[in-house]
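Enquirer: got a sequence here, can you model it:
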Amino acid sequence: MQLTLRYMTKLDRAINNEKELKELDKFYQLHNISAIDLFKILVETAPSCSDIIMDCNWLGLTEPCMKYFSFLPTDDGMCCTFNSGKYVDLVLGIESSENEPLRVNGNGYRMGLNLVIDANVEDYSVTTGKFDGFKVLVHPSEDVSIEFVAVKGTTSFNTEEVAKKVSPKMRQCLVEGEKKLAYFENYSRSACFVDCGTRLMQEDCKCRPYFFKGDRSSRLCPLTSYNCISDVYEDVRSRGDDICDCLPPCSDTRYEPEISYASFPGGGFNLTRTFKRLVEGRNLSSSTDGTHYFKSNVAMLHVYYKEKTGMRYRTDIRFGVEDFISAMGGLLGLGLGISFISVIEILYFFFVRHFFLRKRDAPDMAIQRQTTEMKMCPSSLTFTSSIATVTESNPDRRN
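Expert: Below you'll find the model as predicted:
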């Protein structure tokens, strides 16, 4: 079982063992155990959110926070996700409810999420890491909580409308609705990588691991497909930008977590009402046993905003047509002494002036042609008239 859980949770080439995989697959075929059955075993053996979370405090109010947590599959196994979006996987039978995203209106640890979490180290059988405790991943609610697509974030980005007219290849980001994903409603870079990885695994391995989303037609990978999916997994992890074409969103919010820690529990914690309530909840016999148990198994986690304000960057066109014209005008004016009036004068001299000169000379040419015609007409008339006179003065000659 330990080997099964290890292979199901971490796609690591370092633990690749053909002999183990064949023996496990032979055993599961003999007992008619499918990949879905293995996933159900993983869910049943994993500690639930209620087992892990001893106490919850949200926005300074102690309340039952379990309604804000979802038990979802990741590459580290089943994990508790706080304030997550809707997650649906019909093959696995998972459908988390879509709640309104929780938001904070202040900074400081009292205006965030405070948890007391129990590792229950004595119940450990196998872990995906080489430590006892918890792994915490902070990410936007629409992103995917898978380690190989976790991107360290820093700030908030927004894109001006004029920049959206530029092609994605030039601006190196995607606006909302510009790219649709097969298995996710909302676009994010991490979701795009998972979507790409799922597609590549379906093409190469004809299956997908349980922590990659899919539709009803996709089947879960058996252990014999471990080598194939681990190869695709590593390819997406190392060459994702080249093979997946997952540009970052043009408008995005990213986080840069800071970590501080201290020993827990501190002196005097065993005198607080919180300690007494937690000891009673774990059915510990005395405060001494409770203090020892807390030091070995329990941690307190605070997740909050450090400051009320943040940095926001705007994506805009760096050099547009207007900027080009302005720059060219400034350079020509500085280097050649050319101004807008000078350009108009040059255009006037070569084009407008020539046009008006031709238009002015046109009536003179018309008058000259008319004068020439008038000089010819009297001579013609005189010649005709003299002939007529001669003809009339000699009527008998005509007969």
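Enquirer: mean confidence score for stretch 215-229?
Expert: Averaging pLDDT along stretch 215-229 yields 83.
Enquirer: then that stretch to PDB, C-alphas only?
Expert: Coordinates of each C-alpha in stretch 215-229 appear next as PDB, following Å, rounded to 0.1, in the frame of the first residue of the first chain:
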ATOM      1  CA  ASP A 215     -14.100  14.500 -18.900                       C
ATOM      2  CA  ARG A 216     -16.200  11.300 -18.800                       C
ATOM      3  CA  SER A 217     -14.300   9.800 -21.800                       C
ATOM      4  CA  SER A 218     -10.900  10.000 -20.000                       C
ATOM      5  CA  ARG A 219      -9.800   7.100 -18.000                       C
ATOM      6  CA  LEU A 220      -7.500   7.100 -15.000                       C
ATOM      7  CA  CYS A 221      -4.000   5.800 -15.500                       C
ATOM      8  CA  PRO A 222      -3.100   2.400 -14.100                       C
ATOM      9  CA  LEU A 223       0.300   2.000 -12.400                       C
ATOM     10  CA  THR A 224       1.800   0.500 -15.600                       C
ATOM     11  CA  SER A 225       1.400   4.000 -17.200                       C
ATOM     12  CA  TYR A 226       3.500   5.600 -14.500                       C
ATOM     13  CA  ASN A 227       6.600   5.900 -16.800                       C
ATOM     14  CA  CYS A 228       4.600   7.500 -19.600                       C
ATOM     15  CA  ILE A 229       2.800  10.100 -17.500                       C
END
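Enquirer: in it, what counts as buried?
Expert: 218, 219, 220, 221, 222, 223, 224, 225, 226, 229 (16 or more other Cβ atoms under 10 Å). Glycine gets a C-beta too; all of them are placed from N, C-alpha and C.
Enquirer: likewise stretch 208-217?
Expert: Neighbour-count burial for stretch 208-217 [16+ other Cβ under 10 Å]: 208, 209, 210, 211, 212, 213, 214.
Enquirer: quick one on the thing from earlier: quick check, nearest of the buried residues of stretch 215-229 to residue 190?
Expert: Residue 190 lies nearest to residue 229 out of these, by Cβ to Cβ, at 18.3 Å.
Enquirer: re the thing from before, so which of the buried residues of stretch 215-229 would you say is closest to residue 67?
Expert: residue 220 (29.1 Å).
Enquirer: so what's the closest one bridging to?
Expert: Per DSSP bridges, residues listed as beta-bridge partners of residue 220: residue 208.
Enquirer: who's in contact with it?
Expert: 34, 35, 36, 39, 91, 92, 207, 208, 209, 210 (Cβ atoms under 8 Å, 6 or more residues apart in numbering).
Enquirer: the last one touches residue 92, doesn't it?
Expert: Which is residue 210. Yes: taking contacts as Cβ atoms under 8 Å, residue 210 lies within contact range of residue 92: 6.2 Å.
Enquirer: mutual contacts of these two, please.
Expert: 39, 73, 220.
Enquirer: mind putting those into CSV with distance to residue 305?
Expert: Below are the shared contacts of residue 210 and residue 92 laid out as CSV (distance: Cβ to Cβ, whole Å):
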residue, distance to residue 305
39, 36
73, 29
220, 39
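Enquirer: what pairs with the helix or strand harbouring residue 55, parallel or antiparallel?
Expert: Assessed by DSSP states H and E, residue 55 sits inside strand 53-58. Strand 53-58 has the following strand partners under DSSP bridges: strand 61-62 (antiparallel), strand 113-118 (antiparallel).
Enquirer: ok, then the element right after the first one?
Expert: Proceeding N to C from strand 61-62, the next assigned helix or strand is strand 69-74, under DSSP H and E.
Enquirer: okay, the angle between the following helix or strand past that next one and strand 69-74?
Expert: Later in the chain than strand 69-74, the nearest helix or strand by DSSP H and E is strand 77-82. Counting by axes from the mean of the first three to the mean of the last three Cα atoms, to 10 degrees, strand 77-82 lies at 140 degrees to strand 69-74.
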